[in-house]
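Enquirer: this one's sequence-less:
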Ligand SMILES: NC(=O)NCCC[C@H](N)C(=O)O
């Protein structure tokens, strides 16, 4: 049996699914791109190669293991990009949610069937048809639940809109005791610097009471101000459009004190250390070209409370 329990983004991590770069399918055809940053790198001839992704992800696995975290990897499916495990399922409280996700990625879920089989069935919730949510948009934060989503107009207009109104409502019904904060995100299928693919591409809580945030990722500025009011201005690390593009908000917390981050995020890493965090630096530059970073690559199963 596998235990699951997630109430926030930072409590000491016990177990996690880390995606895999093995047999990731190579450079997709431009018609198959489902995010603008991958698209940019396909067109520029700079899309990452399997060997580099595998190496980068192994460096993350090593750091997690060093900190005593049990690391599961998806079963490798041939020619399937399974790097971003975060989005294919997620844990809220003691429930594992199996969501509906974008068709282009739906087959990825088969890779974690062996994990689902070890979770008691009364702890597994399957989203009904029509309700969509990807884990990058869903953040339990103590009594609050932050969700990034798109209203139907954007949801039907953009491939990068992944969580819809019905998805938010499903979660609201399932978790009536959570305080819900659902924010529309800014979307672009062509311009990576104008696109918050998921909520974790522009916001993430860290430590006990702090967060990393990019104002321009929120479609409605009032939502950004609401989040800042929850944390307090001095507890928010603001990032720039350029830093958002490089995915600075997508680091990953092993505990309230320890954060895994990309080695080139100099300003952010210095600021985190100034605030007392231990920063575990890893190379993740190549993987980042597919519009995801460390939070996107990890699906936490259990944190300690
Ligand atoms: N949580 C995340 O932001 N995940 C990144 C997913 C990137 C992937 N290329 C996608 O478009 O779904």
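Expert: Everything's here; your move. Quantities reported herein were computed from a predicted structural model and do not represent experimental measurements. Numbering: from 1, shown residues only.
Enquirer: okay, CA-based contacts and neighbour counts for the rest of this
Expert: Noted.
Enquirer: Please name the bridge partners of the nearest residue to residue 3 once chain neighbours are set aside.
Expert: Of all residues beyond its chain neighbours, the one nearest residue 3 is residue 302 (6.6 Å), with distances taken as Cα to Cα, 6 or more residues apart in numbering. The partner list for residue 302 in beta bridges (DSSP bridges) reads residue 5, residue 15.
Enquirer: what's near enough to touch residue 302?
Expert: Taking Cα atoms under 8 Å, 6 or more residues apart in numbering, we find residue 302 in contact with 3-6, 13-16.
Enquirer: what element comes up after the helix or strand harbouring residue 271 heading to the C-terminus?
Expert: Assigning secondary structure by DSSP states H and E places residue 271 in helix 266-274. Using DSSP H and E, the helix or strand that follows helix 266-274 in sequence is strand 278-282.
Enquirer: So for that following strand, mean pLDDT?
Expert: Over the span of strand 278-282, the pLDDT mean works out to 98.
Enquirer: Could I get the pLDDT score of the residue nearest to residue 3?
Expert: At residue 302 the predicted local confidence, pLDDT, stands at 98.
Enquirer: Check the spacing between the residue in the stretch 51-200 of the chain positioned nearest to the ligand and residue 234 real quick.
Expert: Scanning the stretch 51-200 of the chain for the residue nearest the ligand gives residue 136, at 3.4 Å (criterion: Cα to the nearest ligand atom). The spacing between residue 136 and residue 234, counted by Cα to Cα, to the nearest Å, is 25 Å.
Enquirer: Looking at the two, which has the bigger crowd around it?
Expert: residue 136 (29 against 10; other Cα atoms under 10 Å).
Enquirer: doesn't the more buried one fall inside a helix?
Expert: Yes. Read with DSSP: H, G, I helix; E, B strand; the rest coil, residue 136 is one of the residues of a helix.
Enquirer: Pull the contacting residues for it.
Expert: Under the contact definition (Cα under 8 Å, 6+ apart), the residues listed for residue 136 are 86-87, 198-201, 295-296.
Enquirer: Next to the ligand, which bits of the stretch 1-150 of the chain? Give me the list.
Expert: The stretch 1-150 of the chain has residues 34-35, 84, 86-87, 136 near the ligand, with proximity defined as Cα under 6 Å from any ligand atom.
Enquirer: Are any of the residues you listed buried, and if so which?
Expert: Those of these that meet the buried threshold are 34-35, 84, 86-87, 136, by 16 or more other Cα atoms under 10 Å.
Enquirer: how about the helices in this protein?
Expert: 36-44, 50-66, 113-116, 152-157, 165-174, 221-231, 241-245, 266-274 (DSSP state H).
Enquirer: And the ones you listed: which comes nearest residue 145?
Expert: Of all the helices of the chain, it is helix 165-174 that lies closest to residue 145, at 9.2 Å by Cα to Cα.
Enquirer: which parts of the closest one are buried?
Expert: Counting neighbours by 16+ other Cα under 10 Å, the buried set in helix 165-174 is 165-168, 171-172.
Enquirer: Just give me the closest of these to residue 70.
Expert: Of all the buried residues of helix 165-174, the one sitting nearest residue 70 is residue 171; the distance, using Cα to Cα, is 27.5 Å.
Enquirer: so how far is residue 301 from that closest one?
Expert: With distances taken as Cα to Cα, residue 171 is found 18 Å from residue 301.
Enquirer: Kindly report the same for residue 61.
Expert: When distances are taken as Cα to Cα, residue 61 and residue 301 turn out to be 15 Å apart.
Enquirer: more neighbours, the two?
Expert: For residue 61 and residue 301, the more surrounded residue by other Cα under 10 Å is residue 301, and the numbers stand at 26 against 20.
Enquirer: Rounded mean pLDDT for stretch 156-166, please.
Expert: pLDDT averaged over stretch 156-166 equals 98, rounded to a whole number.
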